[in-house]
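Undergrad: When you get a sec, could you give me coordinates for this:
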Amino acid sequence: MLKTIRMKLLVPILCAIILGSLIIGIVGYRLAADIVIGAFEEDGLRSASYLREYIDMVISKAELDLSALSVAPSVKYLLQGDQLSEELVEGYIMALVDQHGIYNSITILNTEGIIVASTSGSTGGNRGDREYFQDNMKGLFHISGVELSRQTGRLATFISIPIRDMDDGTIIGAALTVIRLEELNARYVVPVNLLGDHGYAMVVSGAGEIIAHRDENMILDPGNDERSENNGIVAGETLKSLLTVTEGGGNIAFNTSIDDVNFRAFAERSHYTDWYAVVICPISEFYEAAYGLAWTTAILIFTVILFITIIILIAVNGVTRALSTTIRYADTVEKGELDTQLFVKRDDEVGILADSLRGMVGKLKIMIDEAKATSATIMAGINYASKIQGDLLPKNQAFDKAFTDYSIIWKPRDIVGGDIFWLKNFEGGAVLCVCDCTGHGAPGAMLTMLVVSAFEDMVNESNCHDTAGIIFNLEQRLVGGFGVEPLEKGMAGADIHDGCDMAVLFIKKDGSVNLSSANMPVFSCNGEEVSHIKGQRLCIGEGLLKSKDEIKTVFIPACPDNKYYIASDGLFDQPGGKEKVFPFGYRQFKEIILKNHNESQDTISDKIWTAFEDYRGTELRVDDVELITFKP
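TA: This is a model prediction of the structure:
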């Protein structure tokens, strides 16, 4: 037994933990890989964004310096022909160039394009045909593409702004600075890396030219055919990918291929120009680093879970022996062997379970002995009550006298029940009362005794034909007997709900019938059709009726083929087996009545009961059942 318990307890736990470990390891690996790749992606996008910000910072700073220069009074005086201001302005712009280092030169031009001050020593030169000057004269801010500086032979970009008179706003000249792309590359591009040295940065122009790169051999050099060719291949493939995934730039990640090598690239376009800050890394290096870290994470998770598994198995194995003994004891108790001894002494939960089980069995033995003594007394009383209730039912001789054929099914759900019927013959005919009192078992049986006693006392030769009066008088008896305070119709709050559903029939000697019913269906069949008289929605016993005029009386003329059927709701409301959604209901009941009309009443009732039992299946009966059938 111990081995069996261990196998049943430990093996599933072990399998579950191992399987869980594998699943968690795989899921952890995937999650870790996704997280690491996501982190690398964010790092790449962030690096590209930082590089773009540096580029824009340089352009923005140049624009700011030129703007500050354009409003200097000395510049205005110089542009108005004051030669004394030239030295002051040149000292100012030379200080800017020396301070920032990224400026190649700064130049001031008048409205004719003549250089009036410059750090490059080109004062007096004419730049009136240059695109930037023409834009400035139109009042436009200008940033050039990548150009080759004629002074240095190095790549540069030109930034210029118009200079306006502070008094009337007219354009009086232009301020120009030349940005050294070589210095921009050294300061902001070369230091960028991703995943160690695997990833690096570059700046690609909108024309498909590499203007900054950690390998200077890849930077555009119009005087070097080999470098220009390399530049074109790399920049062209990168730009092609950029233009494929975005229009107008933005912060993006994409795959590209350069010289048959696949790269993961991250790019962001400058806000001032058509340059792209690009950070790239070979895809093989990118995912190798990500998956390597993910595998390490997954192995760590699996190792931790395996260690926990070993601890759990050791702990569980320590209690299986005592648990085995306790289970064996519970098994013998379940079989009724209450005198078996349990020898388990522990100071943990298993010990508490064993002590509780021993105490429970001891109390159970005492309760069983007491219950046996009490049950015998109770059952004797209930059986005697059943005999009394049976004696209240009318004898067969009364039915023989009243009807040419009849049948009776009276089956309390318990030994006694709340269904009852009463029959009495008079000179003009017979009165049949079929009642379903509130509840079942002993409470319902007590109410049936009150109802039968009331019938015996109040129904006589003078009122036996008045079925509505019989129901009303019974309601008054119950209300008075229970002390119910009468309520107005539509009001709620009656202090009890003890009463009954009932049908009262007066069957005349000629076979005609007077009928009144409160919530109890009555069926009549002439062999061709089944008539269903549903009964009024009345609450007998709740004090709501003011007079018998509220109760309808139905008259059914005599017909030699008429047969009558009255049943309590315990027949119609019975649920069936698992696949039967609805209760037994009326349909089957009426089909059996009509199909077997020419059979005896006992035969018809037997078929109804057989159909009821087949429908019920293994379901317990939910209520008492009574069925009274007759032919006048």
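Undergrad: got a list of what residue 592 touches?
TA: 604, 607, 608, 611 (CB atoms under 8 Å, 6 or more residues apart in numbering). Every residue, glycine included, has its C-beta placed from N, CA and C.
Undergrad: for residue 539, same thing?
TA: For residue 539, the contacting residues are 499, 518, 519, taking CB under 8 Å, 6+ apart as the criterion.
Undergrad: Ramachandran coordinates for the residue lying closest to residue 137 once chain neighbours are set aside?
TA: In space, and not counting its chain neighbours, residue 137 is closest to residue 171: 6.2 Å by CB to CB, 6 or more residues apart in numbering. Torsion angles at residue 171 (phi, psi; degrees, to the nearest 10) stand at phi -80, psi 130.
Undergrad: what's the neighbour count on residue 171?
TA: Residue 171: 14 surrounding residues under other CB atoms under 10 Å.
Undergrad: what's the answer for the one 10 residues further on, then?
TA: Neighbour count for residue 181, taken as other CB under 10 Å: 26.
Undergrad: go on, residue 43?
TA: Neighbours of residue 43 under the rule other CB under 10 Å: 16.
Undergrad: What helix or strand is it located in?
TA: Under DSSP states H and E, the secondary-structure element containing residue 43 is helix 2-70.
Undergrad: what is the mean pLDDT for that helix?
TA: For helix 2-70, mean pLDDT is 77.
Undergrad: what packs against the next helix or strand after that helix?
TA: Once the chain leaves helix 2-70, the next helix or strand it forms, by DSSP H and E, is helix 73-79. The criterion is 3 or more CB pairs under 8 Å, 6 or more residues apart in numbering; DSSP states H and E, and the helices and strands that helix 73-79 contacts are helix 86-100, strand 103-110, strand 115-118, strand 155-164, strand 171-180.
Undergrad: Return the distance of helix 73-79 from the chain's centre.
TA: How far helix 73-79 lies from its chain's middle: 74 Å, per CA atoms, centre = their mean, to the nearest Å.
Undergrad: one step back: give me the subset of the contacts of residue 592 lying in helices.
TA: Among the contacts of residue 592, the ones falling in helices (DSSP state H) are 604, 607, 608, 611.
Undergrad: Going by distance to residue 133, which of the contacts of residue 592 wins?
TA: Using CB to CB, residue 611 is the member of those that sits closest to residue 133, with 108.5 Å.
Undergrad: Now that closest one: closest residue in space, sequence neighbours ignored.
TA: In this structure, residue 611 finds its nearest non-sequential neighbour in residue 588, 5.5 Å apart by CB to CB, 6+ apart.
Undergrad: Find me the pLDDT at that neighbour, would you?
TA: 94.
Undergrad: Buried ones in the host helix or strand of it, by neighbour count?
TA: If you go by DSSP H and E, residue 588 is part of helix 587-595. With burial defined by 16 or more other CB atoms under 10 Å, the residues of helix 587-595 counted as buried are 589, 590, 592, 593.
Undergrad: Can I get the helices and strands packed on helix 73-79 in TSV including mean pLDDT and distance to residue 468?
TA: What follows is these, written out as TSV (pLDDT from 0 to 100; distance: least, CB to CB, whole Å):
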stretch	mean pLDDT	distance to residue 468
helix 86-100	87	114
strand 103-110	91	116
strand 115-118	91	124
strand 155-164	90	110
strand 171-180	92	112
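Undergrad: Distance to residue 469 for these - can I get that in CSV?
TA: What follows is the helices and strands packed on helix 73-79, written out as CSV (distance: least, CB to CB, whole Å):
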stretch, distance to residue 469
helix 86-100, 118
strand 103-110, 120
strand 115-118, 128
strand 155-164, 114
strand 171-180, 116
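Undergrad: Out of the ones you listed, which is closest to residue 460?
TA: Of all these, strand 155-164 sits nearest to residue 460, with 123.3 Å by CB to CB.
Undergrad: give the contact list for the closest residue to residue 414 other than its chain neighbours.
TA: The shortest distance from residue 414 to any residue that is not its chain neighbour, by CB to CB, 6+ apart, is 4.3 Å, and that residue is residue 441. With contact set as CB under 8 Å, 6+ apart, residue 441 has these partners: 412, 413, 414, 415, 416, 417, 418.
Undergrad: Could you provide the contacts of residue 539 in JSON lines, with additional columns for secondary structure and neighbour count?
TA: Shown next, in JSON lines, are those (DSSP: H, G, I helix; E, B strand; the rest coil; neighbours: other CB atoms under 10 Å):
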{"residue": "499", "secondary structure": "coil", "neighbour count": "28"}
{"residue": "518", "secondary structure": "strand", "neighbour count": "25"}
{"residue": "519", "secondary structure": "coil", "neighbour count": "18"}
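Undergrad: least trustworthy position among the residues you listed, going by pLDDT?
TA: Ranked by pLDDT, these bottom out at residue 499 (82).
Undergrad: picking that back up, just flag the most distant two among the ones in helices among the contacts of residue 592.
TA: Across the ones in helices among the contacts of residue 592 (CB to CB), the longest gap, 10.9 Å, separates 604 and 611.
Undergrad: Tell me which of these two has more neighbours.
TA: Between residue 604 and residue 611, residue 604 has the larger neighbour count (other CB under 10 Å), namely 23 against 15.
Undergrad: For the more buried one, give me its contacts.
TA: With contact taken as CB under 8 Å, 6+ apart, residue 604 is in contact with 407, 592, 593, 596, 597, 629.
Undergrad: Which two among these are spaced furthest apart?
TA: For the contacts of residue 604, the farthest-apart pair by CB to CB is 407 and 597; their separation is 13.7 Å.
Undergrad: Between the two, point out the one with more neighbours.
TA: With neighbours defined as other CB under 10 Å, residue 407 and residue 597 compare such that residue 407 has more, 21 against 15.
Undergrad: Find the helix or strand that the more buried one is a member of.
TA: With secondary structure defined by DSSP H and E, residue 407 is part of strand 405-411.
Undergrad: Could you identify the most distant pair in the contacts of residue 441?
TA: Applying CB to CB across those, the maximum distance is between 415 and 418, 12.4 Å.
Undergrad: So between these two, which is more surrounded?
TA: More neighbours sit around residue 418 than around the other of residue 415 and residue 418, counting by other CB under 10 Å; the figures are 28 against 14.
Undergrad: Hmm, the more buried one is touching residue 450, no?
TA: No. Counting by CB atoms under 8 Å, residue 418 stays clear of residue 450, with 11.3 Å between them.
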